[in-house]
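1. The following block contains a protein sequence and its predicted model.
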Amino acid sequence: MSKKRVFTVMKQEFKMTAKNKGFIIITIIGPFLILAVSVLPSLFAVSSDVPEGTTVAVVGADRQFSDRLSAELEDSNIRLVERNTGTDLEEQVVNEKIHGYLELPEQPLEGEYRYYSKTGTDLLVSERMSHALSAVIVQSRLEQAGIQREAISGILEEPAFTTKKIGSGKAGDDSESGDYFSVFAVVMTFVMLLYMTILLYGQMIGRSIVSEKTTKTVEILLSSVRPIDLMFGKIFGKGLAGLLQYAIWIGIALLITLLAQPVSGFSLPDALSPANLFFLVLFFVLAFFLYASAYSAVGSGAVDEQHLGHLGWPLIIFLVIPLITISAHIMNPGQAFTVFLSHFPMTSPIVMLIRIMIDTPPVWEIITSIGILVGTIIGFILLAAKIFRVGILMTGKRFRLREILRWVR
Amino acid sequence: MIEAQAITKQFGDHPAVSDLSFRAEPGRILGLLGPNGAGKTTTIRMIMNILAPDSGAISINGHRLREEDKAIIGYLPEERGLYQKVSVVEMLTYLGELKGKSRKDLQVSIDSWLERFDLLEWKDKPINELSKGMSQKVQFIASINHDPSVILFDEPFAGLDPVSADVLTETIMELGNQGKTILFSTHITEHAERICSDILLMHKGKKIESGSLREIKSKYAGNTVILEFDGNGGFIETLPMVEQIVSYPRRVEVRLKPSAGPDELLKAVVGRITIQRFEVSAPSLHSIFVERTGVERTGLERTGSESP
């Protein structure tokens, strides 16, 4: 391999990518898009509470029961009104005079409580009602069983419970509390980010290699460089441009977070400890180059962009596997399936990261996993070069994956 | 120097090149002449190590093509293109740097070549604003910009207007005079006759004639007559003294039987057509090709009325 040639290709590819108008525009508007995506849902979330002035009628309740239910619903926007009969109520719901009505069973505390509303998907109100009802009924039952009313709230109070992860690094490091949701959120964000990146850049690299054939520059380039030099140069040149874009985005995001922190009170999730952050960046970069090299192999065998899409779908499947099994890995990081996927190169960046964040995998497993990844990346690049070498003159004809794999033998 | 010894290449059942040997020497221009499908591009690709010959050997300056030789080779492939969105100067600088030249040296040579090909004002324009002919010229510059000592041109005249073709011809001959080894392929006999010092005539993957242009011409010289006329010359091929004929609507190239002389032919045609030109000459490469292959519709073209 000629380092000088690789560097020349890298420089050129970086320049062509970074000077591209689309790339510059995305780099600039990217942070705003991310901001929009992350802020807008929370705006919706605020408005998706039970709207104010929601009225629910209660039919056939005694005073004590409805008082208690009212008390339970005090901090919500639901207001209770008492009714003696159930006639007309349906009409009132349909006319939106009241939101819904609750029908009590003939045997209090035992039969079925029914809540009626206009839509069957009135989840917000019905969930709130059911919550309040349970509290009232359990309290009533406990009273019937002869427990002092004052003692009840003490009995019902949930014990304090948190999960702590045994630190893999320094002893007694308490900051790495791996509670499910924090890890889930971080991993999910990571996976989505990776998924987007790979679709964006992986295919960009694939396309750039296909374009050497469609623009017929391939023979000219190969009269100066070896396919392997060209592959390394293209993958790392385009890859660096991509990473630069991410660095800009993350820089802007951090800046905004820091500036907005006094106002928003937002802080990074606990799961993002420095150690976790290190592995996150490491596996992100590895995953990035893994799929970049895989797409370059696919691009080498494709005749045009459409063909690239056809040949590239198996890669997407590998990307989706950890995405759909993510819960299983978080719940049970020690299982054989998870351990296997954390070593299998196409899935290991995501799955090993999950394991590191929740479990404490042996160091040698982490090293093995990284080693396999690096080896696979190099393997893919060699493969890409070989396919490219054979594929250059095969313009026009669409080859199937099976035929392309035959070339490399 | 490029040397090929008994190279053979099959594509499936189809022999693209069979048992081909030749030698291209420094300071000389070797023309690979033959119709489409003769095996010219395959031969050049084998020299460039893009295809491997099934048997036989190719050497450049005495050894098999090595990676470091690529710096001294200039190659204009038949399938050629450029990045669409980069400027002319950026593209040429990139390709030059890949050949190991420094940016500084390249700026000087790029400017002088662009000027020579009348492209200097396009220097900073993106390639996709260039016409097809202009980008052909840029590709040609890219193949010689790094001052290579061995140059391979595959159909270099394709897509060029006559004026640009003349500049190209001039440049190629100049490079030959500088002592470079030049091999180029064409299916246009006129180009070969104007530029080449040596000729390799190919047909269906085989060599049918080779040697210096002068040798070949004198070998076939003798009673060949070039006749240009107005009127219907269809009868000429039926005349008894005609051994072989290459016909065009208003021009024929006649090879006479050894027993016959040009006078007999002249007598036979006077009065039946209006003669514009009557020349006893050496045969053209075209008629040599026809004579050697016996193929009348050859796919070879006399003049560059282009598109290969």
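-> On my side now, so go ahead. Residues are numbered from 1 along each chain as shown, chains lettered A, B, ... in the order given.
2. show me what contacts the nearest residue to A:S223 once chain neighbours are set aside?
-> Excluding the flanking residues, the one nearest A:S223 by C-beta to C-beta, 6 or more residues apart in numbering or on different chains is B:Y75, at 3.9 Å. The way it works is simple: take the backbone N, C-alpha and C, and place the C-beta from them, glycine included. Shown in contact with B:Y75 (C-beta atoms under 8 Å, 6 or more residues apart in numbering or on different chains): A:219-220, A:223, B:48, B:143, B:151-152.
3. Widest-spaced pair of those?
-> Spatial extent of the contacts of B:Y75 (C-beta to C-beta) is set by the pair A:E219 and B:I151 at 14.8 Å.
4. thinking again about what came up before, ranking the contacts of B:Y75 by neighbours, who comes first?
-> The most crowded member of the contacts of B:Y75, judged by other C-beta atoms under 10 Å in any protein chain shown, is B:L152 (28 neighbours).
5. so of the contacts of B:Y75, which ones are in strands?
-> B:151-152 (DSSP state E).
6. So the residue of the stretch 101-250 of chain A found nearest chain B versus B:S143, what's the distance?
-> For the stretch 101-250 of chain A and chain B, the shortest gap (C-beta to the nearest C-beta) falls at A:K216, measuring 3.3 Å. According to C-beta to C-beta, to the nearest Å, A:K216 and B:S143 sit 14 Å apart.
7. Over to A:R83?
-> 93 Å.
8. What residues sit buried inside stretch A:303-316?
-> A:303, A:307-308, A:311-312, A:315 (16 or more other C-beta atoms under 10 Å in any protein chain shown).
9. My error: substitute stretch A:379-394 in the last question.
-> In stretch A:379-394, counting by 16+ other C-beta under 10 Å, buried: A:380-394.
10. Repeat that for stretch A:107-118.
-> A:116-117.
11. end-to-end on it?
-> Start and end residues of stretch A:107-118 are separated by 26 Å (C-alpha to C-alpha, to the nearest Å).
12. Quick one: distance of that stretch to the chain centre.
-> 39 Å (C-alpha atoms, centre = their mean, to the nearest Å).
13. average pLDDT for that stretch?
-> Here stretch A:107-118 scores 80 as its mean pLDDT.
14. what about the residue nearest to A:S223, which helix or strand?
-> Taking DSSP states H and E as the criterion, B:Y75 maps to strand B:73-76.
15. Given that strand, what are its sheet partners and their directions?
-> strand B:150-154 (parallel) (DSSP bridges).
16. For the strand it pairs with, report the contacting residues that lie outside it.
-> Taking C-beta under 8 Å, 6+ apart as the rule, strand B:150-154 contacts B:1-2, B:40-41, B:44, B:47-48, B:60-61, B:69, B:72-78, B:140, B:143-144, B:172, B:175, B:180-185.
17. Restricting the selection to alpha carbons, write it to PDB.
-> C-alpha atoms of strand B:150-154 as PDB (Å, rounded to 0.1, in the frame of the first residue of the first chain):
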ATOM      1  CA  VAL B 150       5.700   5.300 -22.000                       C
ATOM      2  CA  ILE B 151       2.300   6.400 -23.300                       C
ATOM      3  CA  LEU B 152      -0.800   4.400 -24.300                       C
ATOM      4  CA  PHE B 153      -3.600   6.100 -26.100                       C
ATOM      5  CA  ASP B 154      -6.800   4.100 -26.800                       C
END
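18. Now do the buried residues in the helix or strand that it is followed by.
-> With elements assigned by DSSP H and E, the helix or strand that comes after strand B:150-154 is helix B:162-177. For helix B:162-177, burial by neighbour count (16+ other C-beta under 10 Å) applies to B:164-165, B:168-169, B:171-173, B:175-176.
19. per-domain residue ranges of the chain.
-> Let's take chain A. A:3-43+A:174-406, A:54-156 (automatic domain parsing).
20. Chain B is the one I meant
-> If you go by automatic domain parsing, chain B breaks into B:2-217, B:222-281.
21. tell me, which of those domains is the model least confident about?
-> What stands lowest among the domains of chain B, in mean pLDDT terms, is domain B:222-281, with a mean of 86.
22. Tell me how far that one lies from the chain's centre.
-> On the basis of C-alpha atoms, centre = their mean, domain B:222-281 is displaced by 28 Å from the centre of the chain it belongs to.
23. Flag every residue of the stretch 51-200 of chain B that's near chain A.
-> Along the stretch 51-200 of chain B, the residues adjacent to chain A under the rule C-beta under 8 Å from any C-beta of the partner chain are B:51, B:67, B:70-71, B:73, B:75, B:77, B:79-86, B:94-95, B:97-100, B:139, B:142-143.
24. Restricted to helices, list the residues you listed.
-> B:94-95, B:97-98, B:139, B:142-143 (DSSP state H).
25. What residues sit buried inside the helix or strand encompassing B:V225?
-> Using DSSP H and E, the element containing B:V225 is strand B:224-230. Using 16+ other C-beta under 10 Å as the test for burial, strand B:224-230 gives B:224-229.
26. in the chain, which spans are strands?
-> Picked chain A for this. Counting by DSSP E, the strands of chain A are A:54-59, A:78-83, A:100-103, A:114-117.
27. oops, I was thinking of chain B
-> B:2-11, B:14-24, B:29-33, B:55-60, B:73-76, B:150-154, B:181-186, B:198-203, B:206-212, B:224-230, B:242-248, B:251-256, B:274-281.
28. And the fourth one, what does it pack against?
-> Translated: strand B:55-60. strand B:2-11, strand B:14-24, helix B:40-47 (3 or more C-beta pairs under 8 Å, 6 or more residues apart in numbering or on different chains; DSSP states H and E).
29. thinking again about what came up before, any chance of the backbone angles for the residue of the stretch 101-250 of chain A closest to chain B?
-> Phi and psi for A:K216, reported as degrees, to the nearest 10, are phi 60, psi 30.
30. coming back round to it: out of the buried residues of stretch A:379-394, who's nearest B:T8?
-> A:L393 (17.7 Å).
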